[in-house]
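Peer 1: quick check, what structure comes out for this input:
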Amino acid sequence: MIIDCHSHAEYLGYTVDKAIENMDKYSIDKAWLLTLETLEPEFDPFLYHYGTFGNKEEGAMPFSVALKWYEKAPDRFILGYGIDPRRPEAIDRLKTAMDLFNVKVYGEIMLRMTYDNPDAIRMFRFCGEKGLPVIVEVMYPYKNEGGKYPRPDWWYGGSMDAYERAIAACPETIFFGHGPGVWSHISGDDKYLTETYPEGEVLPGGKLIDMMHKYNNFYCDLSANSALNALKRDVKLSKQFILEFQDRMMYGRDNFSNDLQIFLNNLALPEDVLEKIYYKNALRLVPLD
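Peer 2: Down below sits the predicted model:
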């Protein structure tokens, strides 16, 4: 069994039928279907190029679109909802979505705010009480070279330090580390300040590894190029990292490629470790009905 813990609806040109065909091709049984309700002033318009169909009122990847996919194939998708915690009715709307539509994951949020602000902490603690894993993206303010919108940069979450404060403040909540601002910290260098996808030697003292040791409620979302790029910087170290934290490694794609499966299968990991990454850790956090 394989569960993809990070997917999006109507993304990268994929319809629901095309997405299910892709899942079948790579033996993916189920996918966590996440929203991305970042409003237009806070995200780079390149997202529209990749096929998102949000609007100024609903955000980049709205719940309404994810719900449409879920209702068409409830046996293949597990529904997530990443409503902006700054909205005054956010917790009420999330609770209603849980009651009416079986939402089981809070995410993805990718917002131009620090994740340790009071509104976010209130939401994260609610998720902890209800057993919803929290998936956020962290990105540092990398320069917007040639961007279409006149912001000097794009950033989400503030920093890894701000995210750590949120994790520490909500010990009953499960958080996933995701995005360039998380995975660049696999190394103890300062490339996270200047490069979206750092390459080269992995130095000791990486904050990501330190936080995995420090917080049992912090998990690794292995999706997207940010994770795979980081893991490929030092494959031997990455294998040790995965083995050490095998109970908190989550398979996901955030796209429709099979690159992560190929990488993991080539690491010669024990079968029981692969099973945890591919589906057992997911089932422990979000059991099937």
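
Peer 1: hmm, Arg93 is touching Ile83, no?
Peer 2: Yes. Using C-beta atoms under 8 Å, Arg93 is in contact with Ile83, at 5.5 Å. From N, CA and C alone the C-beta is placed, and that goes for glycine too.

Peer 1: out of those two, which sits in the busier spot?
Peer 2: The residue with more neighbours, out of Arg93 and Ile83 and counting by other C-beta atoms under 10 Å, is Ile83; that gives 21 against 15.

Peer 1: now do the SS call for that one.
Peer 2: What DSSP: H, G, I helix; E, B strand; the rest coil gives for Ile83 is coil.

Peer 1: my read: it touches Lys95, true?
Peer 2: No. Here Ile83 lies out of contact with Lys95, judged by C-beta under 8 Å, at a distance of 10.4 Å.

Peer 1: next, the buried residues of stretch 80-92.
Peer 2: Of the residues in stretch 80-92, 80-85, 90-91 count as buried by neighbour count, 16 or more other C-beta atoms under 10 Å.

Peer 1: ok, so of those, who is nearest Lys191?
Peer 2: Comparing the buried residues of stretch 80-92 against Lys191 with C-beta to C-beta places Gly82 closest, at 28.0 Å.

Peer 1: how near is the closest one to Glu199?
Peer 2: Distance, Gly82 to Glu199, by C-beta to C-beta, to the nearest Å: 30 Å.

Peer 1: which stretches of this protein aren't confidently modelled?
Peer 2: 45-57, 144-150 (pLDDT under 70).

Peer 1: surely Lys68 forms part of a helix?
Peer 2: Yes. If the criterion is three-state DSSP, then Lys68 is within a helix.

Peer 1: surely it meets Ala9?
Peer 2: Yes. Counting by C-beta under 8 Å, Lys68 does reach Ala9; the two are 7.2 Å apart.

Peer 1: which of the buried residues of stretch 80-92 sit farthest apart?
Peer 2: Pairwise distances across the buried residues of stretch 80-92 (C-beta to C-beta) peak at 15.6 Å, for the pair Gly80 and Ile91.

Peer 1: on that earlier part again, who has more neighbours out of Lys68 and Ala9?
Peer 2: Taking other C-beta under 10 Å, Lys68 and Ala9 do not tie; Ala9 has more neighbours (27 against 13).

Peer 1: fine, thanks again, bye for now.
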